[in-house]
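Novice: the following block contains a protein sequence and its predicted model.
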Amino acid sequence: MTAPLRLRLDTAALQDNWRALARISGPAACGAAVKANGYGLGATVVASHLAAAGCRDFFVATWAEAERLAGLGLPNLSVLHGVRDADMDLARSAMARPVLSTPAQVARWRDAGGGACDVMVDTGMNRLGVAPQDVHDGLLDGLRIETLMSHLACADEDHPMNARQRDRFASLAGATGARRMSLANSAGIALGSGYHFDLVRPGIALYGGVPRDELAGVIRQVAYPEAQILQRRTVRAGETVGYNATWTATRDTEVAILNLGYADGYRRAFSDRGSGEGGALPVIGRVSMDLVAIDVTARPALAEGDWVTLDYALPAAAMRSGVSQYELLTGLGTRFANQG
């Protein structure tokens, strides 16, 4: 069965984005965050193309995500949420490394035999991670640590916390037997070489997001939502379209109804703000659960059954909607047929 929605992936742009970030990162290895189902674009497709481009380090959030990628034979796969008791059977299979982030996880892993692992250190975000002082006090002694990492809280801003976190993390060099150190996410890469350490972990920028202006013009759009026209109709001057009659035709207008809505991740925030085909087809009225209306007066040949590409370049779409680039991407629904 052919779906009336499709998500076209420019996999060449995906690979080029990774190569661009790798170049900016200099001698540091460039990995890839493929959590949240590859930021909503399909983790298997995304990871396969990034591996083909040369990526060797991949990061997911949970062991369920790791299990879905197990058949790809990725060189290095890490689970950012560590290891619970319930995860131990999968973790012991060596399909991926846990990123240990609490003393309890450290003890659990050590008691299980202490195989290769990664460790997250909290340098100020107060989210996941062991305390730097605990590292200095020997919490990690004896562990076989591949990568010691931390995470920047404000890398998308020029914030003094960036340098404080970098310096706290740098103070841990040599405090463990870790083979590598890793701090920078997508925005952190753009902060400069002092943040790169041995390994960078981009996420949103791989998929077309631009978290800092330094990456504008470097990162290409990857995801293109496309929807099929269910009906074309003429709306007469003075008539309204959609819920709550928020849009009124000032002239006779050709309107197409698309098989797309907020249940698919096309947010209500695009009501009267979104568009398709490079701005030629504005969204009119409220975005509803499964349907969107667009003004197709400028495209007289468009008919029922034709496809429309929504304007979804992440920086511009975020500015129009007021929704973050991350939410716009990861919120895309399961009813899209992936065209990667």
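Specialist: The structure has been received and is ready for your questions. None of these values were measured; they are calculated from a predicted model.
Novice: so what's the residue count around Asp137?
Specialist: A count of nearby residues for Asp137, using other Cβ atoms under 10 Å, gives 11. For the C-beta atoms, the positions are set from N, CA and C on the backbone; glycine is no exception.
Novice: and the next helix or strand past the longest helix that the chain contains?
Specialist: Secondary structure of the chain read by DSSP state H shows that its longest helix is helix 11-24. Once helix 11-24 ends, the next helix or strand along the chain (criterion: DSSP states H and E) is strand 29-30.
Novice: residues contacting that following strand, please?
Specialist: By Cβ atoms under 8 Å, 6 or more residues apart in numbering, the list of residues contacting strand 29-30 from outside reads Trp18, Leu21, Ala22, Cys55, Arg56, Asp57, Arg180, Asp198, Leu199, Val200, Pro202.
Novice: pLDDT wise, what is the second one at?
Specialist: What that stands for is Leu21. Here the pLDDT value assigned to Leu21 is 98.
Novice: for the first one, same thing?
Specialist: At Trp18, the pLDDT value in this model is 98.
Novice: do the fourth one as well
Specialist: Looking at Cys55, its pLDDT reads 98.
Novice: my read is that it contacts Gly31, right?
Specialist: Yes. Taking contact to mean Cβ atoms under 8 Å, the distance of 6.5 Å between Cys55 and Gly31 places them in contact.
Novice: alpha carbons only: can I get stretch 251-258 in CSV?
Specialist: Presented in CSV, the C-alpha positions along stretch 251-258 are these (Å, rounded to 0.1, in the frame of the first residue of the first chain):
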residue,chain,number,x,y,z
ARG,A,251,-10.6,36.9,-3.6
ASP,A,252,-11.6,33.7,-5.3
THR,A,253,-8.9,31.3,-4.3
GLU,A,254,-7.8,27.9,-5.5
VAL,A,255,-7.2,25.7,-2.5
ALA,A,256,-5.7,22.2,-2.1
ILE,A,257,-6.3,20.0,0.9
LEU,A,258,-3.2,17.9,1.8
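Novice: buried residues in that stretch?
Specialist: Within stretch 251-258, the residues that qualify as buried by neighbour count (16 or more other Cβ atoms under 10 Å) are Thr253, Glu254, Val255, Ala256, Ile257, Leu258.
Novice: looking at this, the fifth one is in a helix?
Specialist: No. With the criterion set as DSSP: H, G, I helix; E, B strand; the rest coil, the secondary structure at Ile257 is strand rather than a helix.
Novice: and it, how far from Ala22?
Specialist: Applying Cβ to Cβ, to the nearest Å, one obtains 43 Å for the distance of Ile257 from Ala22.
Novice: tally up the residues packed near Leu291, please.
Specialist: Leu291 sits with 20 neighbouring residues when counted by other Cβ under 10 Å.
Novice: same thing with the one 4 residues further on?
Specialist: As a burial measure, the neighbour count of Asp295 was computed by other Cβ under 10 Å and equals 22.
Novice: repeat for Arg180
Specialist: When neighbours are counted by other Cβ under 10 Å, Arg180 comes out with 16.
Novice: does it touch Asp198 like I think?
Specialist: Yes. In this structure, Arg180 sits in contact with Asp198. The criterion is Cβ under 8 Å, and the distance is 3.9 Å.
Novice: name all residues that make contact with the most centrally placed residue in the chain.
Specialist: Centrality entry for the chain: nearest residue to the mean C-alpha point is Tyr39, 3.5 Å, by Cα atoms, centre = their mean. Contacts here follow Cβ under 8 Å, 6+ apart; on that basis Tyr39 touches Ala33, Val46, Gly203, Ile204, Leu206, Tyr207, Tyr326, Leu329, Thr330.
Novice: now it: phi and psi?
Specialist: Listed backbone geometry of Tyr39 is phi 50, psi 40, with angles given as degrees, to the nearest 10.
Novice: in contact with Ala175, which residues?
Specialist: Here Ala175 is in contact with Val135, His136 (Cβ under 8 Å, 6+ apart).
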